[in-house]
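*Asks:* pasting a predicted model and its sequence here:
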Amino acid sequence: MWASMQVKDTTVKVRVPATTANMGPGFDSFGMAFRYYDEVTARPISGHTRVYAKDEGAGASVPGDDGNLIVRTLRIGLETAGLHQSGFELHCTNRIPQGGGLGSSAAAIVAGLMLARGFAEDESSLDDHTIFSIATAFEGHPDNVAPAVFGGATVAWMDDKGKPQSAPMPVDATQPVTLFAPPFGLRLATEKARAVLPNSIPREDAVFNTCRAAVLMLALNGRRDLLMEGTEDRLHQDYRRGVLPETMKLIDRLRAEGHPAVISGAGPTVLVLGEVDEDAARAASADGWRMLTPGIDTEGAKIQ
Ligand SMILES: Nc1ncnc2c1ncn2[C@@H]1O[C@H](COP(=O)(O)OP(=O)(O)O)[C@@H](O)[C@H]1O
Ligand SMILES: N[C@@H](CCOP(=O)(O)O)C(=O)O
């Protein structure tokens, strides 16, 4: 009979980047990683699992036991690698706001799987593509998971066998990016922001989005003059106005001033694919938005 093996008796530390998704017209497909990270350290212990989380901006409480998302995916990773261990002690530095539109759940899922890789003697059973695939199944869509695993900007999709695929998106290395993170009260679970989307859209809107997604690719690869048109969308943003009124107010104002602003993921964070002038930054800050310019991460999730 096949028996699973014990994990390596060691401490494993991983870091996973925050990510944006959609970038306007690339709903459930386009994503980008930022130099802004959650970090987790784990070691096997005897007895029950304990999770200690330090929230540096995450502003939310997470389960301190086996119910924690990171522990749940750590266990899936261990099972995939044919390993077992009953208890762990985890120390998490949670910087990515939860329910903020910066891929905190994708980061937590990927962190658990990366820890499992770190505990395996043979890391090849949990290579990047396996982690991408398991994490996408867990998250339900591949757009945050792809940049969280691979870094950079990515296009991700489900193939006709239902398997997630991804490829790097060519982005001008000097492309500036600005984020406006919301005050805590404005956070919104992704599930709620997906529940307001219709099951079907008019054909002209599908055509509109196909064209804009292609234009965005050009805009990010040297044609910055196309960024405003390339960030137009009819697939999700307007439908989300009702649950994201403050986000859409900020986006409308920034776009009226010529800034290519979109909802980051399912919001409420706002992503601008460019720099923001001082007046616009001051106005957003007066309304409680925190401006971040983390730069694009090119490494993805790492064991440190
Ligand atoms: N570092 C973390 N540790 C444990 N659970 C986490 C962590 N980050 C996110 N989560 C889980 O994911 C949820 C947020 O996911 P979601 O609604 O998809 O928002 P986001 O846009 O931040 O990904 C949290 O409420 C929590 O359950
Ligand atoms: N394509 C998804 C992206 C969700 O990203 P998150 O960071 O808000 O979880 C969507 O728009 O629902």
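*Replies:* Great, that's in hand. Computed from a predicted structure; not experimentally measured. Ligands and ions are numbered 1, 2, ... in the order given.
*Asks:* which residue ranges of the stretch 201-304 of the chain form strands?
*Replies:* For the stretch 201-304 of the chain, the strands defined by DSSP state E, counting those that start in this stretch occupy 261-263, 270-272, 290-292, 302-303.
*Asks:* okay if I get those strands as CSV plus mean pLDDT?
*Replies:* Formatted as CSV, the strands of the stretch 201-304 of the chain follow (pLDDT from 0 to 100):
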stretch, mean pLDDT
strand 261-263, 98
strand 270-272, 98
strand 290-292, 95
strand 302-303, 98
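*Asks:* mind checking those for the one nearest to ligand 2?
*Replies:* Of all the strands of the stretch 201-304 of the chain, strand 261-263 sits nearest to ligand 2, with 7.5 Å by Cβ to the nearest ligand atom. No exception for glycine: its C-beta is placed from N, CA and C like everyone else's.
*Asks:* which elements pack onto the closest one?
*Replies:* helix 245-256, strand 270-272 (3 or more Cβ pairs under 8 Å, 6 or more residues apart in numbering; DSSP states H and E).
*Asks:* pull the residues that contact it.
*Replies:* Residues from elsewhere that reach strand 261-263 (Cβ atoms under 8 Å, 6 or more residues apart in numbering): 22-24, 101, 231, 233, 236-237, 240, 244, 247-248, 250-251, 254-255, 269-273.
*Asks:* so what strands line up beside that strand?
*Replies:* Using DSSP bridges, strand 261-263 pairs in its sheet with strand 270-272 (antiparallel).
*Asks:* so which bits of the stretch 151-300 of the chain are right by ligand 1?
*Replies:* Residues of the stretch 151-300 of the chain lying near ligand 1 by Cβ under 6 Å from any ligand atom: 189, 190, 265, 266.
*Asks:* I'd guessed the first one sits against residue 104; true?
*Replies:* In this case it means residue 189. No: the criterion here is Cβ atoms under 8 Å, and residue 189 misses it with residue 104 at 10.6 Å.
*Asks:* that older thread, show me which of the contacts of strand 261-263 are buried.
*Replies:* With burial judged by 16 or more other Cβ atoms under 10 Å, the buried subset of the contacts of strand 261-263 is 22-24, 101, 231, 233, 236-237, 240, 244, 247-248, 250-251, 254-255, 269-273.
*Asks:* hmm, back to that, okay if I get the helices and strands packed on strand 261-263 as a markdown table plus distance to residue 299?
*Replies:* Formatted as a markdown table, the helices and strands packed on strand 261-263 follow (distance: least, Cβ to Cβ, whole Å):
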| stretch | distance to residue 299 |
| --- | --- |
| helix 245-256 | 29 |
| strand 270-272 | 20 |
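*Asks:* thinking again about what came up before, and residue 189 and residue 104? Which one has more around it.
*Replies:* Just comparing residue 189 and residue 104: by other Cβ atoms under 10 Å the higher neighbour count belongs to residue 104, 27 against 12.
*Asks:* contacting residues for the more buried one?
*Replies:* Each residue near residue 104 by Cβ under 8 Å, 6+ apart is listed here: 18, 38, 58, 94, 96, 97, 98.
*Asks:* pretty sure the second one is in a strand, no?
*Replies:* Yes: secondary structure of residue 38, determined by DSSP: H, G, I helix; E, B strand; the rest coil: located in a strand.
*Asks:* I'd like the distance between it and ligand 2.
*Replies:* 13 Å (Cβ to the nearest ligand atom, to the nearest Å).
*Asks:* what does the fifth one give?
*Replies:* In this view, residue 96 and ligand 2 are 9 Å apart by Cβ to the nearest ligand atom.
*Asks:* next one: residue 191
*Replies:* Distance of residue 191 to ligand 2, computed by Cβ to the nearest ligand atom: 9 Å.
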